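Visitor: Next one to model:
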Amino acid sequence: MRRALWIVFAVVIGAPLWAAEIHVDPGQGTLAAAIAGAAPGDALHLRAGGYLGAVVIDRPLTLAGPPEAIIDGQGEGTVVTIDAPDVTLRGVTVTGSGRSSQDTDAGVKILRAADRAVVEDNRVLGNLHGIDVHGGHDALVRNNTIEGTRQPRLNDRGNGIYVWNSPGAVIEGNSVRWGRDGIFSNATRAGTYRNNLFRDLRFAVHYMYTNDTEVSGNVSIGNHLGFAIMFSDRAVVRDNLSLSDRDHGVMLNFANSADVSGNLVRGGAEKCTFIYNANKNLIYDNRFEGCDIGIHFTAGSERNVLTGNAFVGNRTQVKYVGTTDIEWSFEGRGNYWSDHPGFDLDGDGIADSSFRPNDLMDHILWSQPAAGLLTGAPAVQLIRWAQSSFPATLPGGVVDSAPLMEVPAIAVPDEYATLEAEVAGRWNESE
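Guide: Numbering: from 1, shown residues only. Sure thing, here's the model as predicted:
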């Protein structure tokens, strides 16, 4: 019995030593044949050239090659399907998926049985979906260049990275351009999505029913919307950049108990931040700059903590229609407001007077837009002066009892500032 156990132990420990290094030549079906003939643990090294036809990796293998090794699905289905645990796909080019949204055709698909898949340093170009993490646990999708399709209708395109029911996924360091959403995360949990670059998309990151996750260090440039956290709980949204996005930089929609901090939204979005029926969120140390509306919150979104944020040069700093006062400071620390003419006589960094970003006329203008014709009328100016002089006459709304005197800064690396400058004014055109 003891001898048998030693034999089993030796086989398990020694198995990696027996893994073969197999070189594969390009051609029609050559890669599929090499996979069929490989043993678990083997490494297939692809030479430069075209590998025609979709493949299924159904055993633990490593596939690696130079970018000139091109796996081409020739327009049929998913190009590379991973259907076994502990598979690595590294360094190659994957292109030519089908166009069936119903079948979720993709460049690379990681199925339920494919735990611990590693997909890194690849070019995934011109597929419907780029990489579809579809059920496999603890996937690592890292440092890939993903460029989707450019169908005339945005919703006919696929997602750069689609994560569905795949707990523990780590998506990092990828560059995603074109297509529909950069990352679409649906019905999953415990994922980490960090340090990715998203351009020319609908949403940079789109959450649906995604819980206990982290979105950090990502950069969204020139997309319709930056970071949309929807129907999801306990997300950490930290240190992201939304530059020249069109609609919203950060959106919380039925999102609760999130940590939203250190994010920068700037460059003319309709709303830097939109909060809809979202509560128990900590929103702090962000900078919202140059938007039509700095932050719009509605539909019972009063139970949030906002502190240490900077509202800089937004046409309307806050939009909220309500009859109760909502305090936007925490433990004696409020937010910075570029339009607050405050004084700090004791030098503690906190303004000596509180700040209300909205008055009665704002409420009237939001509910009755035609009243905008009267904005410059003397009667309107008199009402605004009276309310600023006698705060008791103000309606309910945001009150910051401890406004900051110094504006918090969030730096943008030069490489991203250059890309931001390239799309400046995009949304003034017909795109």
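
Visitor: show me where the stretch 301-431 of the chain has helices.
Guide: 360-367, 378-389, 414-423 (DSSP state H, counting those that start in this stretch).

Visitor: lowest-confidence stretch among the ones you listed?
Guide: When the helices of the stretch 301-431 of the chain are compared on mean pLDDT, helix 360-367 scores lowest, with a mean of 50.

Visitor: so what's Ser185 up against?
Guide: Each residue near Ser185 by C-beta atoms under 8 Å, 6 or more residues apart in numbering is listed here: Val163, Gly191, Tyr193, Val205, His206, Tyr207, Met208, Thr210, Thr213. From N, CA and C alone the C-beta is placed, and that goes for glycine too.

Visitor: does it count as helix, strand or coil?
Guide: strand (DSSP: H, G, I helix; E, B strand; the rest coil).

Visitor: partner residues bridging it?
Guide: Assessed by DSSP bridges, Ser185 has beta-bridge partners Val163, Tyr207.

Visitor: same check, this time on Arg199
Guide: Arg177, Ile221.

Visitor: you'd agree it is up against His224?
Guide: No - if you go by C-beta atoms under 8 Å, Arg199 and His224 don't touch, sitting 11.6 Å apart.

Visitor: and which of the contacts of Ser185 is nearest Gly37?
Guide: Gly37 lies nearest to Val163 out of those, by C-beta to C-beta, at 32.2 Å.

Visitor: is it true that that closest one touches Ala190?
Guide: No - contact criterion C-beta under 8 Å: Val163 and Ala190 do not qualify, at 11.1 Å.

Visitor: Among those two, which residue is more densely surrounded?
Guide: It is Val163, of Val163 and Ala190, that has more neighbours when counted by other C-beta atoms under 10 Å, with 29 against 15.

Visitor: Could you list which residues are in contact with that one?
Guide: By C-beta under 8 Å, 6+ apart, the contact list for Val163 reads Val133, Ala169, Ile171, Ile183, Phe184, Ser185, Asn186, Thr188, Gly191, Thr210.

Visitor: again, only this time at 6 Å
Guide: Counting by C-beta atoms under 6 Å, 6 or more residues apart in numbering, Val163 makes contact with Val133, Ala169, Ser185, Thr188.

Visitor: Can you tell me the number of residues neighbouring Ile283?
Guide: Ile283, neighbours per other C-beta under 10 Å, totals 26.

Visitor: ignore the last one, Gln102
Guide: By the other C-beta under 10 Å criterion, the neighbourhood of Gln102 contains 5 residues.

Visitor: and if you look at Thr145?
Guide: There are 17 residues near Thr145, going by other C-beta under 10 Å.

Visitor: How about it: which residues does it bridge to?
Guide: Arg123, Ser175.

Visitor: before we move on, what about Ile283?
Guide: Val260, Leu306.

Visitor: measure it to Ile22 for me?
Guide: As judged by C-beta to C-beta, to the nearest Å, Ile283 and Ile22 stand 53 Å apart.

Visitor: do the same with Phe274
Guide: 53 Å.

Visitor: More neighbours: these two, which one.
Guide: Phe274 (24 against 17).

Visitor: mind checking which helix or strand the more buried one is in?
Guide: According to DSSP states H and E, Phe274 maps onto strand 271-276.

Visitor: Okay, now the sheet partners of that strand, with direction.
Guide: Within its sheet, strand 271-276 is paired with strand 248-253 (parallel), strand 293-298 (parallel), according to DSSP bridges.

Visitor: quick check: mean pLDDT across the last one?
Guide: I take that to be strand 293-298. 92.

Visitor: quick one: contacts of it?
Guide: Strand 293-298 has contacts (C-beta under 6 Å, 6+ apart) with 271-275, 288, 311, 314, 316-320.

Visitor: Now do it: distance to the chain's middle.
Guide: 20 Å (C-alpha atoms, centre = their mean, to the nearest Å).

Visitor: Now it: buried residues?
Guide: Ile293, Gly294, Ile295, His296, Phe297 (16 or more other C-beta atoms under 10 Å).

Visitor: Between its first and last residues, how far does stretch 133-151 reach?
Guide: 23 Å (C-alpha to C-alpha, to the nearest Å).

Visitor: hey, what's Val118 bridged with?
Guide: With DSSP bridges as the rule, Val118 is bridged to Thr88, Leu140.

Visitor: hang on, it packs against Ala139?
Guide: No - assessed by C-beta atoms under 6 Å, Val118 is found out of contact with Ala139, at 7.7 Å.

Visitor: neighbour count winner among these two?
Guide: More crowded of Val118 and Ala139, by other C-beta under 10 Å: Ala139, with 27 against 19.

Visitor: that older thread, which of the contacts of strand 293-298 has the largest number of neighbours?
Guide: Result: Cys272 is most packed of those (other C-beta under 10 Å), 33 neighbours.

Visitor: Contact partners for that one?
Guide: Contacts of Cys272 by C-beta under 6 Å, 6+ apart are Gly249, Val265, Phe288, Cys291, Gly294.

Visitor: For the residue lying closest to it once chain neighbours are set aside, give me phi and psi.
Guide: With sequence-adjacent residues excluded and distances taken as C-beta to C-beta, 6 or more residues apart in numbering, Cys272 is closest to Phe288, at 3.6 Å. Phe288 adopts backbone torsions of phi -120, psi 110, taken as degrees, to the nearest 10.

Visitor: Can you spell out which residues form a bridge with Phe288?
Guide: Val265, Phe311.

Visitor: Check it and give its pLDDT.
Guide: 98.

Visitor: quick one: it and Gly267 touch, right?
Guide: No - Phe288 lies out of contact with Gly267 (C-beta under 6 Å); the separation is 11.0 Å.

Visitor: what residue lies at the spatial centre of the chain?
Guide: Taking C-alpha atoms, centre = their mean, the centroid of the chain lies closest to Val205, which sits 2.7 Å from it.

Visitor: residues touching it, list them.
Guide: Ile183, Val215, Phe227.

Visitor: how does it look with 10 Å?
Guide: 161, 171, 176, 181-185, 193, 196, 198, 215, 218, 220, 223, 225-229, 235, 237, 240, 250 (C-beta atoms under 10 Å, 6 or more residues apart in numbering).
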